[in-house]
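J.: could you work out the structure for the sequence below:
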Amino acid sequence: MNNADFWSSVNAIVEANFTTEGLQKLDRYAEQFISGQLVYKRFSPIEQHGCAAGGSTHVIATLLAGAETETDNSSSGISDFKRSLQRGEKQAERIERWAKAVGVWIENVETSLSSDLGEQIAEGGEAVVYDHGATLVKSIGLDYFIEPILALDRISLHNAYFPETRLTVLGFGRTASGDFRVIVEQPFIKGERMEEDEIVEHMKNLGFELRNLRNWTYSTPEVYLSDIHDENIIRSQTGNVFVIDCDIRINTPDLKSGGVRNLITEVEIDT
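T.: You can find the predicted model right below:
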């Protein structure tokens, strides 16, 4: 199976509305992805491992979001932002139909998570955080990303570069107002805030260059990071440093942070 055949197969599964046979194929593709038989060239090897670390639900959603549609190839003269919105709606719709078919869809996220998990302990620009004992459950929106594929990239990259605070995808849902959400689980780590200069030094030691301290932005030619401030990176009681949250992306030239990557959706399958 070549690249074109693979994506034709995924689109056929979507168009057939996720039959039992189609769902079995997606499960098989996820197994091949996790084992390394299916190589997704969007990612480096460590990033593909990070995607796999998010679980098979994350892998399948990533592949569904990566399948091109007619909207993706549109040349109707609409703005890039509007085209991104259209792509995002298509990706979310595909993921929603699949998630409902396999039982990982959550209706009315706010009510369901509060009922099942209990106390909401934090809310930021894109995520609502719930206390789940030894773990945290986060409901992540698309405010920073617009397209689900970019939000899913973030999880893959976080797991690749900060595996100690791995994000596992539990499912998907919508809020009462209809906003698409990704539901993830993450280990709870108790720690203390770090000073700004300590954070800068730690990120430098990891190979990230400081780009803009005002919005806590760092990068390598491969990866873009922002929102690395004292609420999102902590030092544990044993002295280890953990990045628990950040805006992490594939560093493309349009981010204007020395990026050299391209966002591609191409696979190789070892059969």
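J.: quick check on P163: phi, psi?
T.: phi -70, psi -20 (degrees, to the nearest 10).
J.: burial measure for it, as a count.
T.: Look at P163: counted by other CB atoms under 10 Å, it has 12 neighbours. From N, CA and C alone the C-beta is placed, and that goes for glycine too.
J.: from T175, how far off is N108?
T.: Taking CB to CB, to the nearest Å as the measure, N108 falls 7 Å from T175.
J.: cool, and K204?
T.: The gap separating K204 from T175 is 38 Å, by CB to CB.
J.: repeat for E231
T.: E231 is 23 Å from T175, by CB to CB.
J.: okay, those two: which has more neighbours?
T.: Taking neighbours as other CB under 10 Å, E231 and T175 compare with T175 leading, 15 against 12.
J.: ignoring the adjacent residues along the chain, who's closest to that one?
T.: Nearest residue to T175 in three dimensions, chain neighbours excluded: V109, at 5.3 Å (CB to CB, 6 or more residues apart in numbering).
J.: then K204?
T.: L210 (7.2 Å).
J.: quick check: that neighbour touching L225?
T.: No: the pair L210 and L225 does not pass the contact test of CB atoms under 8 Å, sitting 10.0 Å apart.
J.: who touches both of the two?
T.: Taking CB atoms under 8 Å, 6 or more residues apart in numbering as the criterion, L210 and L225 both touch M203, T217, Y218.
J.: picking up where we left off before, contact partners for the residue nearest to T175?
T.: Applying CB under 8 Å, 6+ apart, we find V109 in contact with S139, G173, R174, T175, R181, I183.
J.: from what I can see the third one touches I183, true?
T.: No: checked against CB under 8 Å, the pair R174 and I183 is beyond contact range at 10.9 Å.
J.: these two: who's more crowded?
T.: Each of R174 and I183 has its neighbours counted (other CB under 10 Å); I183 has more, 23 against 17.
J.: is it fair to say E68 lies in a helix?
T.: No: per DSSP: H, G, I helix; E, B strand; the rest coil, E68 lies outside any helix segment and is coil.
J.: residues touching it, list them.
T.: Contact analysis of E68 by CB under 8 Å, 6+ apart lists W7, N11, T265.
J.: the last one touches G66, doesn't it?
T.: Meaning T265. Yes: using CB under 8 Å, T265 is in contact with G66, at 4.2 Å.
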